[in-house]
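Student: what's the 3D shape of this:
(one chain, ligands or ions: 1)
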Amino acid sequence: MKVLVINCGSSSLKYQLITTEDGNVITKGLIEKIGGNSEFCFYGKNGEKITQSHKLKDHAEALGVVVSNLVDPAYKFVGRLEEIDAIGHRVVHGGEEFSKSVIIDDRVISSIEKYAELAPLHNPPNLLGIHSCSKVLPGTKQVAVFDTAFHQTMPESSYFYAIPYEYYDKYKIRRYGFHGTSHRYVTIKAAEFLKKDIESFNCITCHLGNGSSITAVKNGKSADTSMGFTPLEGVVMGTRCGTIDPNIVYFLMNKENMNTAQIDQVLNKKSGLAGFSGISNDLREVTAAAKDGNRRAAIARDLLVKSIRRYIGAYMVELGRVDSIIFTAGIGENDAYVREKCVEGLENFGIAMNTEINRLPSIRGQLTDLSLDGSKTRILLVPTNEEYMIAMETAWVINGK
Ligand code: AMP
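Tutor: Numbers count the residues shown, from 1 in each chain. Coordinates of the predicted model:
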């Protein structure tokens, strides 16, 4: 099956055309700055990067350019548009309603609209992608794959906050969790790799990128996760503070005379690695500065590691038996130091890393067992692939699986 995977941001459209039988990416690309002088970048049949400039007023026009490109005889990605069997959309928030991917119809669209209140930066552009596809590729089935769906298996003790219950009733304030597609993908891959039955597989998945979250997976299902009502909670991130004492919010608002939009900006955009180090949200730059003797950069990296260790510890207790600790995404896949520090000193718990393998540059992009032979918990590097997971989910839903 050929699935067009779409991930729309407020002024961007990312896509991949994937054959689900073998995971082959026929082509992929990105349009940025939609609404003005847009930049279109895609990859040709031989992996060569091609860039073009277009004036695109909205997402529908952007999708029009993508679709023309897919059938352009110069590239031969597909002969005819009818060869695209389905479209899979990344949708960030599915509220409590969606615990699985679904075929998009009017009811699903109005639910995604409803949950825009919970994800105001993400659901509206995801909807733009859906509406654009209905316009440009009418008749092609569309599937919504939700970031929140995987976490709908969490027990009440994981997802409720101990605030007055009426706020759950009124506003559905609870933990939702995010990055579900990635956590699910690496769980499936790790279970396959370790030849374990997913139904009894326990692991801690560390998705560490610019946004990061950690999930406790029990018997193949999400049992707890670090991101909460919004993606602000949890570990220290590129520009997000992660978990802090909520009283800091009112204290700062009073002292600095800030309104809600300003404090939101501080905690979501000006905190984390960037805010504390004053250097960058990119761990590579923070690390370089730390190596040059910048004290705040060094501490910022320690804060990141400490926050991850807190969740690993908590989830070890939650799970009781941990078959695997999995590192994925930009930092998890590439930063040997962070991986090493996250599991340092855990030998007494049956967790021991082979630091020599962990430091090998050749493991980049490869599913690799990073643990010592006797380690009861296998420490794995599993490259994530959210687009492939979305394509697979789309195929499963279309085929009624
Ligand atoms: P993601 O959100 O998964 O794309 O991850 C992006 C983040 O991964 C960047 O902001 C960097 O902090 C981090 N990253 C990417 N490559 C490396 C690397 N080679 N070493 C350390 N961190 C990296």
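Student: Which residue ranges make up each domain of this protein?
Tutor: Split into domains by automatic domain parsing, the chain comes to 2-146, 197-386.
Student: Where does the residue in the chain that the ligand sits nearest to fall, secondary structure wise?
Tutor: Closest contact between the chain and the ligand, by Cβ to the nearest ligand atom, is at residue 330 (2.0 Å). Every residue, glycine included, has its C-beta placed from N, CA and C. Using DSSP states H and E, residue 330 falls within helix 329-334.
Student: again with residue 216
Tutor: Per DSSP H and E: strand 212-218 holds residue 216.
Student: quick one: strands adjacent to that strand?
Tutor: strand 203-208 (antiparallel), strand 221-225 (antiparallel) (DSSP bridges).
Student: burial count for the closest residue in space to residue 152 that isn't next to it in sequence?
Tutor: The shortest distance from residue 152 to any non-neighbouring residue, by Cβ to Cβ, 6 or more residues apart in numbering, is to residue 99 (3.6 Å). As a burial measure, residue 99 scores 15 neighbours (other Cβ atoms under 10 Å).
Student: For residue 99, give me the pLDDT.
Tutor: At residue 99, the pLDDT value in this model is 96.
Student: hang on, isn't it packed against residue 177?
Tutor: No: with contact defined as Cβ atoms under 8 Å, residue 99 does not count as touching residue 177 (11.8 Å).
Student: circling back: so who does the closest residue to the residue of the chain closest to the ligand other than its chain neighbours touch?
Tutor: Of all residues not flanking residue 330 in the chain, residue 209 sits nearest, at 4.2 Å (Cβ to Cβ, 6+ apart). Contacts for residue 209 (Cβ atoms under 8 Å, 6 or more residues apart in numbering) come out as 238, 329, 330, 331, 332.
Student: go on, residue 366?
Tutor: Counted by Cβ under 8 Å, 6+ apart, residue 366 has contacts 381, 383.
Student: quick one: secondary structure of it?
Tutor: coil (DSSP: H, G, I helix; E, B strand; the rest coil).
Student: same thing with the one 10 residues further on?
Tutor: Assigned by three-state DSSP, the conformation of residue 376 is coil.
Student: residues from the stretch 301-401 of the chain in reach of the ligand?
Tutor: With Cβ under 6 Å from any ligand atom as the criterion, the stretch 301-401 of the chain comes near the ligand at residues 329, 330, 331, 334, 335.
Student: Of the strands paired with strand 212-218, which stretch is the most buried?
Tutor: The highest mean neighbour count among the strands paired with strand 212-218, using mean count of other Cβ atoms under 10 Å, belongs to strand 203-208: a mean of 28.
Student: for it, what is the average pLDDT?
Tutor: 98.
Student: Mind listing residues that contact that strand?
Tutor: By Cβ under 8 Å, 6+ apart, the surrounding residues in contact with strand 203-208 are 179, 182-183, 186-187, 190-191, 212-217, 235, 308, 311-312, 315-316, 319, 322-332, 335, 338, 342, 384.
Student: right, is it up against the ligand?
Tutor: No: using Cβ under 6 Å from any ligand atom, strand 203-208 never reaches the ligand; the gap is at least 7.5 Å.
Student: on contacts alone, who are the packing partners of the longest helix along the chain?
Tutor: The residue-count maximum for a helix in the chain (DSSP state H) belongs to helix 295-319. The contact analysis (3 or more Cβ pairs under 8 Å, 6 or more residues apart in numbering; DSSP states H and E) places helix 295-319 against strand 203-208, strand 212-218, strand 221-225, helix 272-277, helix 283-291, helix 336-342.
Student: wait, which of the ones you listed is closest to residue 143?
Tutor: Proximity to residue 143 (Cβ to Cβ) singles out strand 221-225 among the helices and strands packed on helix 295-319, at 20.3 Å.
Student: Render the CA-only coordinates of that closest one in CSV, please.
Tutor: Taking Å, rounded to 0.1, in the frame of the first residue of the first chain, the C-alpha atoms of strand 221-225 are listed here in CSV:
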residue,chain,number,x,y,z
LYS,A,221,0.9,-0.6,26.8
SER,A,222,1.5,2.9,28.2
ALA,A,223,1.2,2.9,32.0
ASP,A,224,2.6,6.3,32.7
THR,A,225,4.3,9.1,30.9
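Student: Residues touching that strand, excluding its own?
Tutor: By Cβ under 8 Å, 6+ apart, the residues outside strand 221-225 that reach it are 150-155, 158, 175, 177-178, 180, 183-184, 213-217, 234, 314-315, 318-319.
Student: Which of those residues are buried? Put it as a PyMOL command.
Tutor: For the buried members of the contacts of strand 221-225, the matching PyMOL selection, counting by 16 or more other Cβ atoms under 10 Å, is:
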select buried, resi 150+151+152+153+154+158+175+177+178+180+183+184+213+214+215+216+217+234+315+318+319
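Student: re earlier: closest one to residue 390 among the helices and strands packed on helix 295-319?
Tutor: Using Cβ to Cβ, the nearest of the helices and strands packed on helix 295-319 to residue 390 is strand 203-208, at 15.3 Å.
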